[in-house]
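Visitor: the following comprises the amino acid sequence and a computationally predicted model.
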Number of protein chains: 6
Amino acid sequence: MKIKVINPNTTWSMTEKIGEAARRAASAGTEIVAVSPQMGPVSIEGHYDEAFAAVGVIDEVRKGEAEGCDGYVIACFGDPGLLAAREIARGPVIGIAEAAMHAASLLGTGFSIVSMLERSRATMEHLVHAYGMERMCRSVRMTDLAVLELEEEGSGAQDRVIEQCRLALAEDHADVILLGCGGMSDLMARITREIGAPAIDGVSAGVRFVEALVGLRLGTSKRQGYAPPLPKPYVGAFAGFSPLPAGG
Amino acid sequence: MKIKVINPNTTWSMTEKIGEAARRAASAGTEIVAVSPQMGPVSIEGHYDEAFAAVGVIDEVRKGEAEGCDGYVIACFGDPGLLAAREIARGPVIGIAEAAMHAASLLGTGFSIVSMLERSRATMEHLVHAYGMERMCRSVRMTDLAVLELEEEGSGAQDRVIEQCRLALAEDHADVILLGCGGMSDLMARITREIGAPAIDGVSAGVRFVEALVGLRLGTSKRQGYAPPLPKPYVGAFAGFSPLPAGG
Amino acid sequence: MKIKVINPNTTWSMTEKIGEAARRAASAGTEIVAVSPQMGPVSIEGHYDEAFAAVGVIDEVRKGEAEGCDGYVIACFGDPGLLAAREIARGPVIGIAEAAMHAASLLGTGFSIVSMLERSRATMEHLVHAYGMERMCRSVRMTDLAVLELEEEGSGAQDRVIEQCRLALAEDHADVILLGCGGMSDLMARITREIGAPAIDGVSAGVRFVEALVGLRLGTSKRQGYAPPLPKPYVGAFAGFSPLPAGG
Amino acid sequence: MKIKVINPNTTWSMTEKIGEAARRAASAGTEIVAVSPQMGPVSIEGHYDEAFAAVGVIDEVRKGEAEGCDGYVIACFGDPGLLAAREIARGPVIGIAEAAMHAASLLGTGFSIVSMLERSRATMEHLVHAYGMERMCRSVRMTDLAVLELEEEGSGAQDRVIEQCRLALAEDHADVILLGCGGMSDLMARITREIGAPAIDGVSAGVRFVEALVGLRLGTSKRQGYAPPLPKPYVGAFAGFSPLPAGG
Amino acid sequence: MKIKVINPNTTWSMTEKIGEAARRAASAGTEIVAVSPQMGPVSIEGHYDEAFAAVGVIDEVRKGEAEGCDGYVIACFGDPGLLAAREIARGPVIGIAEAAMHAASLLGTGFSIVSMLERSRATMEHLVHAYGMERMCRSVRMTDLAVLELEEEGSGAQDRVIEQCRLALAEDHADVILLGCGGMSDLMARITREIGAPAIDGVSAGVRFVEALVGLRLGTSKRQGYAPPLPKPYVGAFAGFSPLPAGG
Amino acid sequence: MKIKVINPNTTWSMTEKIGEAARRAASAGTEIVAVSPQMGPVSIEGHYDEAFAAVGVIDEVRKGEAEGCDGYVIACFGDPGLLAAREIARGPVIGIAEAAMHAASLLGTGFSIVSMLERSRATMEHLVHAYGMERMCRSVRMTDLAVLELEEEGSGAQDRVIEQCRLALAEDHADVILLGCGGMSDLMARITREIGAPAIDGVSAGVRFVEALVGLRLGTSKRQGYAPPLPKPYVGAFAGFSPLPAGG
């Protein structure tokens, strides 16, 4: 089985970290291909960044279909491009926010999301809502760290993340923590151990859930909202992305 | 006051029709600039199309800020790029699905959306939900017309739209109809007259709502989720979209 | 265009202030008629007050229809009599709580209501709910001021309002403020400036939204719940309010 | 124990029928006082009618407090004036829609409301929603009968009501029926017997629930939203309703 | 009328206290039979305890049907076995959490539950949700007392309960308190008096609501989800509970 | 990895079929132990059956913990005993309704449940609601087959199931089907192929999801609602189930 893990931003050091987490999580026999798009923002911290990242994600899924990938994980906690990606993938496509929330709902009675910048609060809440997780979500806690600070050694960023995890358990009645950024994917085991409750990395959960569905020979349904894009011309810089077959 | 009305697809005949509807709706003294992006799909009929259209919308809002636009209407019933556009606009940005739903909630007890392809049902329902309109929405009725059929004379498309409007009133207990496609913006007066209930075109409503907010000197809040994009490098084909100032 | 702005309480000094705010908000060419009912409570601070105010509002809308009014704004943040008024008005009728909430949802990701007495909390929450704004509403903050204290110079009432606005931004993650009383309609510009985020007065927003809908030739739907009252006798002190035509 | 049952319309033949149902439902030792207001509409079929009926209900509760009533039932399925009445009553006040819905939720898995005119659908749905009964409510079925037709012998009105009850069980998966009009209060036993499922009359349920709460020495809470009206002047025709004590 | 009040745990001192509360609450002429199951946990503090208690409750309802009971109250604030009990009872079956929530919704604008161990928070919230009481519920406050501590004289347990009641009114905007444990049923009058707001014991409310429904000749609907169990064999230790008639 | 798949009813022919489906679904290296409880109903068709089945499930999980099981699947579409089982299991416990719903939400835009008897509709809807899947669930379709009819060759039961699956796609806008009974677990591949959309068997999905979580070293959180049962005596026939260690 070949799973493509797409870090939607273009910071390859983060892509490597995410790839390692994905490989650690994967079953024997699963090949992980971890990539970043060839265009787009170095980090995703808002809707504007996300809109460009979505195109990058789509580009990687298009290529992935040609490369024979069996499924995809979108490794940014805003799940950019998820629905569009499902239209062009035969296999399953899972976002890491989605994966983490579904995993949490199987393990506890309420989760807290610990993530980065306050400005993303509404986005996180929107996802919670879109996935039907309102009653599972006890709080969204922001560390006020920029995404790339997680990459800096000695920044104390990890400690601030763990502190918010502890507060979520103690004050918000959460019993599961969601690590709200692809860049936290190396912290799952450490935080789970330190706080005494499951801390879920969506990259790891996403890889395992894709494996599960592919293993059952289940792919994205092609009957309604995820049917393949209709063939039509695209113009200008996006002409190459047209769903119309070349020469069609 | 200068309002940019962005048809997110690249079919300029539709853009012209939308521009005319916008001008008909606008107050004296409002300048309407109706445009399509320079890149992207000729019609928007799914998430894949929408992802590319969103970048086109953003591009037009970026230019609009430099051109001194006071506000924006996104003239596709899926409201593509809306949240990202709000991050870069000082004034208000309104999608036509959003505008039509808010207008309907001020005029009736329940609306039905009459739109195009069955495959968009889930998208429409998602917007209904995101805008808090679940209790206002009585039904989503699809005509199974492709977007560009509305542009073809003699296709009978308008009659099929009107038939669904009548059924929504008679069978679904709706008392307001939302015209669920930018390409229907010329039908508002005719349908309102024929069915004996308000039929709302989101382009017209969007223009008027932008006027209303600009007239009150109210713009998009810059405190939380719609704060300006953080400066950062973008790479590859999207480098030119970086929020980082050139040479900054 | 002629818009009647109805202050549902009988304190004419407040009616004048509301009328001034309405005129400041209105477009050139809009005539504002600001009135209070001829009967009812001097302020509205509970359901009991509201029940009598509703009859006063209805009375003014009845007269307004005869006077050729094109639309109505109900200038009390509990929107008393709104649904009944819609049954007898041809044009649009908008309550200021409703107007402020819809405006806020077009400008930000979450609003807080800053209003008067704690006892009205449940009423405000009920409106938030009835209008589908649960996910937009971050908090309801009460100043514990009586409505008429806003009218007293040197009461410090305005400062207490502004303090709660600041707290709503800082602690509740709001990015838009709703001024939760018709008597605050003169504070919109000042508070918006001082707190650095949109502070929305429903009177101003209501006037502009009525203008928008009337400008589009859209009135209240007469198909279902807002159909005209059925002709029938009324007895006793309310006989004059019977929907039965005189001599009918 | 003395319970005042208020028929909010002014049709005394209906008041008598409601009074009889209330007496049939009441425990030994409970005195039922059935009244109509001295002013207002002869039937309640919309928000306009309801606004005037609410004042009539309030008037009767005011008098009831002076007469030593222990609790109140508001015998119109729109529950007009309920919240205002709670502000002035020491004991419990229950609307018949509310009573019927709560009773149904204790006896079945889903109810249907069978009521009169299509125009009231949105009002019924609003109550369902306000009382948290969305998941209990399987359907709202309208007979298209006017309220006063129920009073006419030989109108076939009862048969049409029963037909809709049967359809609600067979097609909507309901297992309890709510009789959605005070004028149906004499049909509870007959319909329950004929359809083989509980048909609940809110007048009967309301009387019993008031008895239950009074028996437990529980009255309306006076801490928040139902605190007594604040003393203040009322002007004009409503001066006599001022919460300010005469000469105060 | 004969009402069986089932304390689902096997601590008979608590059963006696519950029986006394039930008798105090009951109308003249109502016979209260207070029992505990013959098997199961001495207190119920989690789902595991609840699963066994449910079987005990069912056993008592089975016997109750043979004994001619007219209705049942399940006197544990988790309402264990409620839905199963309804399948085998002809009359009404009410849980005390359910009874208390419905009573509160008739008397105030928002309730707080004051209960025992933090670990039960999710269960309480689940019930709030299942009964449609999300908007009525202002908070769930836990005293961190074990159920049986309420039975110990001099434990200070009652004072801790009252302290949380006061905090719920002052900080959470509640105006009604629900006593969240069958073991608090003797505290209703005292707490209501001390805090100046209704404190509702579900045992008392449950008894009165069963009386109300039985008095109206209304029983559990047998049409859908509460239809009698289908006859079928049970094996092993539960063979005696088979719905199949002996020799059938 | 050792996963115990518990068929909560006592019909071993069904247990074998479920075991086969589980083994087909499982990864290489996973050991499936398929069991039925030693006591309880031969099929589960209501709350009464479910209450006894829950105890059987608990008994099997207790034994499973001693046997070194890594996780559990509860193979009845009502998920009986799920929450209690989580209190005593270290690893994950997943119900098949839960598993199927989560899988569906990763593959489509809306699912329909195709299941057995009409009387279970409310139970299914309750689960949909409890798992936050209201917006994903397009319909619940009942075949009116008894559970054990699925076991009878030549009953035509399978054809009736497939017919309802087709109708759900065609009329209810579903794009994924949930097989709403453990006894349908052998039909997943066939139905998926015949209807051209994913048909999900919860047994298969549950096994794979347990594998996924165990593979990530994630177990049930022990912090709040799923903390281990408190040690305490149980009396009578259930004494052996006491969480108190013998002699403890």
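Guide: Sure thing, it's come through.
Visitor: and A:Ser36, what does it touch?
Guide: A:6-12, A:15, A:56 (C-beta atoms under 8 Å, 6 or more residues apart in numbering or on different chains). For the C-beta atoms, the positions are set from N, CA and C on the backbone; glycine is no exception.
Visitor: tell me the spacing between it and A:Pro80.
Guide: To A:Pro80, A:Ser36 is 13 Å away according to C-beta to C-beta, to the nearest Å.
Visitor: for the closest residue to chain E within chain A, grab the count of nearby residues.
Guide: Per C-beta to the nearest C-beta, A:Thr109 is where chain A lies closest to chain E, at 3.8 Å. Neighbour count of A:Thr109, defined by other C-beta atoms under 10 Å in any protein chain shown: 26.
Visitor: also A:Glu31?
Guide: Neighbour tally, A:Glu31, other C-beta under 10 Å: 12.
Visitor: same thing with the one 3 residues further on?
Guide: By the measure other C-beta under 10 Å, the count of residues near A:Ala34 is 23.
Visitor: what values do phi and psi take at it?
Guide: Main-chain dihedrals, A:Ala34, degrees, to the nearest 10: phi -100, psi 120.
Visitor: the helix ranked longest in chain A: which residues count as buried?
Guide: Ranked by residue count and defined by DSSP state H, the top helix of chain A is helix A:47-67. Buried residues in helix A:47-67, defined by neighbour count with 16 or more other C-beta atoms under 10 Å in any protein chain shown: A:47-62, A:64.
Visitor: return only those of the residues you listed found close to chain E.
Guide: For chain E, no contacts are drawn from the buried residues of helix A:47-67 by C-beta under 8 Å from any C-beta of the partner chain.
Visitor: let me know the secondary structure of the closest residue in space to A:Met133 that isn't next to it in sequence.
Guide: Sequence neighbours aside, A:Met101 is the residue nearest to A:Met133 in space, at 4.8 Å (criterion: C-beta to C-beta, 6 or more residues apart in numbering or on different chains). Secondary structure for A:Met101, judged by DSSP: H, G, I helix; E, B strand; the rest coil, is helix.
Visitor: gap between A:Met101 and A:Ala189?
Guide: Using C-beta to C-beta, A:Met101 is found at 20 Å from A:Ala189.
Visitor: try A:Ala237
Guide: Applying C-beta to C-beta to A:Ala237 and A:Ala189 gives a distance of 43 Å.
Visitor: what about the residue nearest to A:Met133, neighbour count?
Guide: 26.
Visitor: which ones are touching it?
Guide: Per C-beta under 8 Å, 6+ apart, neighbours of A:Met101: A:111, A:127-128, A:131, A:133, A:136-137, A:178.
Visitor: quick one on the thing from earlier: what's downstream of the longest helix of chain A, the next helix or strand?
Guide: Proceeding N to C from helix A:47-67, the next assigned helix or strand is strand A:71-74, under DSSP states H and E.
Visitor: who are the packing partners of that following strand?
Guide: For strand A:71-74, the helices and strands in contact under the criterion 3 or more C-beta pairs under 8 Å, 6 or more residues apart in numbering or on different chains; DSSP states H and E are strand A:2-6, helix A:47-67, helix A:82-88, strand A:93-95, helix A:96-107, helix A:202-215.
Visitor: so for the residue of chain A found nearest chain C, what's the pLDDT?
Guide: Relative to chain C, the nearest point of chain A is A:Ala122 (3.7 Å; C-beta to the nearest C-beta). Reported pLDDT at A:Ala122 in the predicted model: 90.
Visitor: counting neighbours, what do you get for it?
Guide: A:Ala122: 23 neighbours (other C-beta under 10 Å).
Visitor: that one and chain B: what is the separation?
Guide: Distance, A:Ala122 to chain B, by C-beta to the nearest C-beta, to the nearest Å: 4 Å.
Visitor: whichever strand or helix holds that residue near chain E anywhere?
Guide: According to DSSP H and E, A:Ala122 maps onto helix A:121-130. No. Contact of helix A:121-130 with chain E (C-beta under 8 Å from any C-beta) is absent, the minimum separation being 14.6 Å.
Visitor: now the element after that helix, going C-ward?
Guide: Per DSSP H and E, helix A:121-130 leads on to strand A:137-142 as the next helix or strand towards the C-terminus.
Visitor: how about that following strand, does it get close to chain C?
Guide: No. Using C-beta under 8 Å from any C-beta, strand A:137-142 never reaches chain C; the gap is at least 9.2 Å.
Visitor: low pLDDT regions in chain A?
Guide: When residues are selected by pLDDT under 70, those of chain A lie in A:244-248.
Visitor: how about the residues of it near chain C?
Guide: Applying C-beta under 8 Å from any C-beta, we find that chain A lies next to chain C at A:118, A:121-122, A:125, A:129.
Visitor: now that we have those, which one has the most neighbours?
Guide: A:Ala122 leads the residues of chain A next to chain C on contacts (other C-beta under 10 Å) with 23 neighbours.
Visitor: hang on, isn't the residue of chain A closest to chain C packed against B:Gln224?
Guide: Yes. If you go by C-beta atoms under 8 Å, A:Ala122 and B:Gln224 touch, sitting 6.3 Å apart.
Visitor: shared neighbours, those two?
Guide: By C-beta under 8 Å, 6+ apart, the residues touching both A:Ala122 and B:Gln224 are C:109-110.
Visitor: run a quick neighbour tally on A:Pro228.
Guide: A:Pro228 has 14 neighbouring residues, counting by other C-beta under 10 Å.
Visitor: helix, strand, or coil at it?
Guide: Put simply, A:Pro228 is coil when judged by three-state DSSP.
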